[in-house]
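**Q** what's the 3D shape of this:
(3 chains)
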Amino acid sequence: MLELRLVQGSLLKKVLEAIRELVNDANFDCSATGFSLQAMDSSHVALVALLLRSEGFEHYRCDRNLSMGMNLNNMAKMLRCAGNDDIITIKADDGSDTVTFMFESPNQDKIADFEMKLMDIDSEHLGIPDAEYHAIVRMPSSEFARICKDLSSIGDTVVISVTKEGVKFSTAGDIGTANIVCRQNKTFDKPEEATIIEMQEPVSLTFALRYMNSFTKATPLSETVTISLSSELPVVVEYKIADMGYIRYYLAPKIEEDEEDMKP
Amino acid sequence: MLELRLVQGSLLKKVLEAIRELVNDANFDCSATGFSLQAMDSSHVALVALLLRSEGFEHYRCDRNLSMGMNLNNMAKMLRCAGNDDIITIKADDGSDTVTFMFESPNQDKIADFEMKLMDIDSEHLGIPDAEYHAIVRMPSSEFARICKDLSSIGDTVVISVTKEGVKFSTAGDIGTANIVCRQNKTFDKPEEATIIEMQEPVSLTFALRYMNSFTKATPLSETVTISLSSELPVVVEYKIADMGYIRYYLAPKIEEDEEDMKP
Amino acid sequence: MLELRLVQGSLLKKVLEAIRELVNDANFDCSATGFSLQAMDSSHVALVALLLRSEGFEHYRCDRNLSMGMNLNNMAKMLRCAGNDDIITIKADDGSDTVTFMFESPNQDKIADFEMKLMDIDSEHLGIPDAEYHAIVRMPSSEFARICKDLSSIGDTVVISVTKEGVKFSTAGDIGTANIVCRQNKTFDKPEEATIIEMQEPVSLTFALRYMNSFTKATPLSETVTISLSSELPVVVEYKIADMGYIRYYLAPKIEEDEEDMKP
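**A** Reported below is the predicted structural model:
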């Protein structure tokens, strides 16, 4: 039997909105340690990994490991019926082919049960090794989202270049070119507004803006985003979920010859 | 001659928005007692009845009974041109085939006259007898609107079941099922947030959500809604209009065999 | 070399939004006196003239007169990437076929360069002689915008009639007629809310509402609009840009026989 009670139910609503543009169907994995998901996007280019640790739930009961296949759009339809202050409980009986989402209003006057059919989804779990990155940029998540959106109005790809001084986002398209530089800025009184760069060596990598924009759907989950870059590895775009875990997106850089397309 | 002056003009704008999704053309009936309307929706399933009593107008002159046929979308186009703080006067000369809506800004600096052609509309006025209902539910109108909207994302019909403890709204569709229970709750300091149930005997009736959602267009008119249910009668969904009257919607329940469709 | 630094960058964004519905491609003319534009709308019916005087810029360097042809939609795409508090600098090298828009965030942490290709655009500069007008109406720009929008839901043309008492905007269409009268009102404590009429003789002129609505895109630039009317001249609809200049729209009245169409 599974029973996970999350006082801050709006967090689960935000998690769904952060994933469902990339992934249609996915398995949620429940174990003693937490509620997690790993899935490739529908075009098999980007990977998303979610972890909500058991300690973050008010009540967490998971008698045995369980993998629940869900259609994320249907799940989002149901979660959208939860009020932003509602407590959400996820329930499933052993061997059942359904999952129940229970929403309780703060004053307990309104209680809703939404029952959804589960699906069988084939998926293999990729082991993601810890890695060393050439550069790690931490910046306000809203700033990163704005930059990805702005550059999309000019071009299709973004070159992210990191030096000690700052991080540069560049693009080019039919109507012209754009460069946006964010300087390192360790604002001490408002740490969530800081832009902090940890760099072993300069990097300059190219990515499809379409995926970057999908990643920024996680912006409501965290005030900061961490971008980890290395020439031989997929970029990791991570949004921490306070006290509970994270959502991480992985995307391989475009190879060199693609950058030819960038020249105006 | 007809001249009806309504200081709170935005009320008339809200009334129009509450009706025009259901009804295209309708007769407004003016008499010494008030300004009223009774009309079937265009598919002849639901009935809407409006009453604005003469006492609620700042000035009310109606020399003889008058029935004015109007296209509600055209009327709404004109009323949307009134500011929310404008005073609205409805004027018609005897025998005229037009009606004039006059909008005065609060400081009298801007005065607008909109003249609209009237239509001949056949309609029969149904006598609606007073009736005893098995159960009457009074609840916040925004809560009722939210429930109808939420359930529409899952199914097409809603089962409304009333017991002494509360009222349950249920639906089912391809992606699963949903039950929302609102408990009786006599909040005394904020009466408009209370959920109050008067019950002679338990009822459980099925209705098309499409119509319920149209009825909730009246939500801006009142903080509370009253739902009167009886197994042999159409449900009445009523929004009181402060100091002036009401808007009431009538809808027949779906018959038993339809409920088969509800089973997942 | 050209370098124009505008501290209030949002002003340039608003200017673009005020023009680009009417004009697709246009030459911006830079000289020692200022940054200006004159262009016919794409159907060659209305004329728009913009002036931003050099004194209004924090830094203004223009070594020699320069005419820069730009696609206004592409320019707007780039300017939309500037934050509302950003400082905008327009830069061009002599003989270059590109222009650069630089956006600096207020704290200088984020600096963006957008480079756009220039176009060759044939255009002739019309001399617009100073003229005497029969009537000049100054009124709140939001009020004028609201009236044009409201009348558009009824008819296609507006008759603007000025008398000593006020200005009347009238229209007619299939569903009826509308007249909106704004009375002269010299509110002294809030001059931007005043409606002031300077009249030599009464005028009554008819204009296409479609163009008037396009002109009102300039509403965010100024709290007041000035409408100058004369029977033999195009109307001038002017929005002053504080401390810097103006945007003016010119539109010829419709001739008498068109007014036949207005009769219901």
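
**Q** now the strands for the stretch 101-250 of chain A?
**A** With DSSP state E, counting those that start in this stretch applied, the stretch 101-250 of chain A shows strands at A:110-117, A:135-140, A:157-162, A:166-173, A:176-183, A:196-199, A:203-208, A:224-229, A:235-241, A:245-251, listed in chain order.

**Q** please enumerate residues in contact with the shortest one?
**A** If I follow you right, that is strand A:196-199. A:134-139, A:162-164, A:166-167, A:184, A:186 (C-beta atoms under 8 Å, 6 or more residues apart in numbering or on different chains). For glycine as for every other residue, the C-beta is placed from the backbone atoms N, C-alpha and C.

**Q** between those, which is nearest chain B?
**A** Checking the contacts of strand A:196-199 against chain B with C-beta to the nearest C-beta, the nearest one is residue A:139 at 35.8 Å.

**Q** ok, that closest one touching residue A:167?
**A** Yes: Residue A:139 lies in contact with residue A:167 (C-beta atoms under 8 Å); the separation is 7.4 Å.

**Q** what do those two both touch?
**A** Contacts common to residue A:139 and residue A:167, judged by C-beta under 8 Å, 6+ apart, are A:182, A:195, A:227.

**Q** rebuild the residues you listed as JSON lines, extending it with neighbour count and pLDDT.
**A** Listed next are those as JSON lines, based on neighbours: other C-beta atoms under 10 Å in any protein chain shown; pLDDT from 0 to 100:
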{"residue": "A:182", "neighbour count": "23", "pLDDT": "97"}
{"residue": "A:195", "neighbour count": "21", "pLDDT": "94"}
{"residue": "A:227", "neighbour count": "22", "pLDDT": "98"}
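
**Q** distance of residue A:226 relative to chain B?
**A** 35 Å (C-beta to the nearest C-beta, to the nearest Å).

**Q** whoops, residue A:122 was the one
**A** In terms of C-beta to the nearest C-beta, residue A:122 sits 21 Å off from chain B.

**Q** quick check, pLDDT for that residue.
**A** Predicted confidence (pLDDT) at residue A:122: the value is 87.

**Q** how many residues are close by it?
**A** For residue A:122, the tally of surrounding residues (other C-beta atoms under 10 Å in any protein chain shown) stands at 7.

**Q** and the gap between it and chain C?
**A** Remark: distance between residue A:122 and chain C (C-beta to the nearest C-beta) = 42 Å.

**Q** same question for residue A:131.
**A** Separation of residue A:131 from chain C (C-beta to the nearest C-beta) stands at 29 Å.

**Q** ok, now residue A:237?
**A** Applying C-beta to the nearest C-beta, the value for residue A:237 to chain C is 19 Å.

**Q** so what's that residue scoring on pLDDT?
**A** The per-residue pLDDT reported for residue A:237 equals 98.

**Q** that one and residue A:211, how far apart?
**A** Going from residue A:237 to residue A:211 by C-beta to C-beta, to the nearest Å gives 9 Å.

**Q** show me which of the two is the more surrounded one.
**A** Each of residue A:237 and residue A:211 has its neighbours counted (other C-beta under 10 Å); residue A:237 has more, 27 against 22.

**Q** which ones are touching the more buried one?
**A** The contact partners of residue A:237, by C-beta under 8 Å, 6+ apart, come to A:212, A:215, A:225, A:226, A:227, A:248, A:249, A:251.

**Q** so the fourth one makes contact with residue A:137?
**A** It stands for residue A:226. Yes: with contact defined as C-beta under 8 Å, residue A:226 counts as touching residue A:137 (7.2 Å).
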